[in-house]
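In: Just to be clear, the model below is a prediction. Sequence and coordinates:
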Amino acid sequence: AAPRSPYRHLELCGIALRKKRCPGTAFLFTTVGADSISARQAAARLDTMMKILVATLLVYALGLLFTAVGSRLAGRCTTWCCALLGLPMWVVGGTVAPFCLALPQLMLAFLAAGMSVTALAVGTALAGAVTNLGLALSVCLLRKRHCAVADRDEFCRKCLLLLAACGVLAVFVRDGELSYTGTGLLMLLFVLFVMMSIVFQHKFTYGDTIKAVSTSEKHPSPQLAAQEYGYTAHTMAFPVMNVRNALTNLAGVAGGLALLAGGAQALLYSATTLANLTGTIQALWAATLISFGFCIPLLVEALNHPLGSVWKWFSVRCRYYPPDSLPIQLLNSAILNLTLALPISSLMYRHKLPVGAQFRSYEVPVCAAMALVLLLPPLCRHKLKRGQGWMCLALYFAYLAAALLLPRAGYFDFKQLRASDLPYCRQQR
């Protein structure tokens, strides 16, 4: 049987506390008659619940801040360390830059799977991909002041790769678990993604122009200067080779990863506590609070930093990709969530990774539908449309409504438990 989640003690401690304060009650939301519990006990129980809720939301906010700052700092310093090592910019842009944008989801999925909280590991990867495409990329396509621009061939290839990853998940999780064959195919798609990204960046480094598609209504020239668009254009340069720069960037990488790990741990704790407090499934919180929280920095960047100058100053200082490549970077992040975060979670779990009905019914089909919506206009009409942004946004809100109002999983009814079900329940636990 898989090891029990270490956060089980939170629920047990809460039950013990409620039993001590309110004898005869075992769960937080148990329906009890007015004659069996006093008003003072009810007020004490409500007060305890509100204190836990406020503390959990505070931990959640700190976790979001730490992950946002840590991922940007670690990404920027990692790219500069690669430059200090003498790696070509087209190699750094094709490997490190796409990986750093998906670093928060990868870290949280890694920690959650290692602690056997598989619902949050899978939910962070799948819901993160849906949110990045349905929210951040939709905003990029809907902007009027700054039109979205992308290389047509690369955009179509990445959409096809995302569709292939969704197809692998749809085929190899039918029995509720990601098989070892499916994990191997996802890792193969990840290797293909890395090779495509390196070739893509090499083309811009040594080429002159690209075939671009845009949401502009003025029919811009399909040829753009490669130096203005590459993954690392105007964001990186070879730094001075000295000990001070090396130590500074190494300290930035270590500090950024430490902040990122601490923030991911805080988010994992808060999501698990909220699920235990409210009696809801963990996949619900992965689809809402965690995925939306990870998407906030990308939304702020897509909207040109309307929240103030502090985060804008920090994000510009720690930028490791040009703003014009944000649509492609969001596609890269969604692909990495599926082709890297899920295999890492499966390896950390040391068993076949459970993929619940919620993910099979909502996240995977919606992600495939968004990839198809993004693929067709550039492939058929050689143009990006703002209607694609509206369609992806509608799909995202429909997915969010379905996840909130029609969850496909819940707590097991132990009253109907039979002796023959015990081995299965131990395995699922």
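Out: Good, I have the coordinates. Residues are numbered from 1 along each chain as shown.
In: Setting aside sequence neighbours, what's the nearest residue to Arg368?
Out: Check again: residue 368 is Ala, not Arg. Cys166 (3.9 Å; C-beta to C-beta, 6 or more residues apart in numbering). The way it works is simple: take the backbone N, C-alpha and C, and place the C-beta from them, glycine included.
In: After the strand or helix carrying the one you found, which helix or strand is next? Please name it.
Out: Under the criterion of DSSP states H and E, Cys166 resides in helix 152-172. Per DSSP H and E, the first helix or strand lying C-terminal to helix 152-172 is strand 177-178.
In: Which elements pack onto that next one?
Out: Here strand 177-178 touches strand 353-354, going by 3 or more C-beta pairs under 8 Å, 6 or more residues apart in numbering; DSSP states H and E.
In: Which strands or helices does the strand it packs on pack on?
Out: The contact analysis (3+ C-beta pairs under 8 Å, 6+ apart) places strand 353-354 against helix 118-131, strand 177-178, helix 342-349.
In: could you give the mean pLDDT of it?
Out: Average pLDDT, strand 353-354: 89.
In: My guess is the residue nearest to Ala368 contacts Cys367. True?
Out: Yes: here Cys166 reaches Cys367: they are 5.4 Å apart, a contact under C-beta atoms under 8 Å.
In: Overlap in contacts, the two.
Out: Leu338 (C-beta atoms under 8 Å, 6 or more residues apart in numbering).
In: so where do the strands sit in the stretch 51-200 of the chain?
Out: 149-151, 177-178 (DSSP state E, counting those that start in this stretch).
In: rank these by pLDDT, which is bottom?
Out: strand 149-151 (a mean of 81).
In: buried stuff in it?
Out: Neighbour-count burial for strand 149-151, counted by 16 or more other C-beta atoms under 10 Å, picks out Val149, Ala150, Asp151.
In: How about stretch 142-160?
Out: For stretch 142-160, a neighbour-count test (16+ other C-beta under 10 Å) marks 142-143, 147-152, 154-159 as buried.
In: roughly how far out does it sit from the chain middle?
Out: Here stretch 142-160 is found 20 Å from its chain centre; the criterion is C-alpha atoms, centre = their mean, to the nearest Å.
In: let's number from 644 now, not from 1
Out: New numbering, starting at 644: the last item is stretch 785-803.
In: what about dumping the CA coordinates of it to CSV?
Out: Taking C-alpha atoms only, stretch 785-803 is exported to CSV below (Å, rounded to 0.1, in the frame of the first residue of the first chain):
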residue,chain,number,x,y,z
LEU,A,785,-7.3,39.8,-26.2
ARG,A,786,-5.0,42.7,-25.7
LYS,A,787,-5.5,45.6,-28.1
ARG,A,788,-2.7,48.0,-27.2
HIS,A,789,0.0,45.3,-27.5
CYS,A,790,-0.8,42.6,-30.1
ALA,A,791,0.3,39.0,-29.6
VAL,A,792,3.1,37.8,-31.9
ALA,A,793,4.3,34.3,-32.4
ASP,A,794,6.3,32.3,-34.9
ARG,A,795,3.7,30.4,-36.9
ASP,A,796,5.6,27.1,-37.4
GLU,A,797,6.7,26.9,-33.8
PHE,A,798,3.2,27.9,-32.5
CYS,A,799,1.6,25.1,-34.5
ARG,A,800,4.2,22.5,-33.5
LYS,A,801,3.8,23.3,-29.8
CYS,A,802,0.0,23.0,-30.1
LEU,A,803,0.4,19.7,-31.8
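In: Please name whichever of the strands of the stretch 694-843 of the chain is nearest to Ala768.
Out: Taking C-beta to C-beta, strand 820-821 is the member of those nearest to Ala768, at 10.8 Å.
In: Which pLDDT value belongs to Tyr1067?
Out: The model's pLDDT for Tyr1067 equals 43.
In: Name the residues of stretch 1001-1020 that are buried.
Out: 1001-1007, 1009-1014, 1016-1018, 1020.
In: Take those residues and keep only those in helices.
Out: Gln1001, Val1007, Val1009, Cys1010, Ala1011, Ala1012, Met1013, Ala1014, Val1016, Leu1017, Leu1018, Pro1020 (DSSP state H).
In: Which residues are in contact with the third one?
Out: Under the criterion of C-beta under 8 Å, 6+ apart, the contact list for Val1009 reads Val773, Gly777, Leu1038, Tyr1039, Ala1041, Tyr1042.
In: follow-up on the earlier one: what residues does the residue nearest to Ala1011 make contact with?
Out: Going by C-beta under 8 Å, 6+ apart, the list of residues near Cys809 reads Leu981, Val1007, Pro1008, Cys1010, Ala1011, Ala1014.
In: ok so, going back, any idea of the mean pLDDT for the helix holding Cys809?
Out: Confidence for helix 795-815, expressed as mean pLDDT, is 92.
In: what angle sits between that helix and helix 985-992?
Out: 40 degrees (axes from the mean of the first three to the mean of the last three C-alpha atoms, to 10 degrees).
In: Return the distance of helix 795-815 from the chain's centre.
Out: Computed by C-alpha atoms, centre = their mean, the chain-centroid distance of helix 795-815 equals 17 Å.
In: quick one: it to helix 761-774, angle?
Out: Angle between the axes of helix 795-815 and helix 761-774 is 150 degrees (criterion: the same axes, to 10 degrees).
In: ok so, going back, format the strands of the stretch 694-843 of the chain as a markdown table; extra columns: distance to Ser976.
Out: Listed next are these as a markdown table, based on distance: least, C-beta to C-beta, whole Å:
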| stretch | distance to Ser976 |
| --- | --- |
| strand 792-794 | 14 |
| strand 820-821 | 20 |
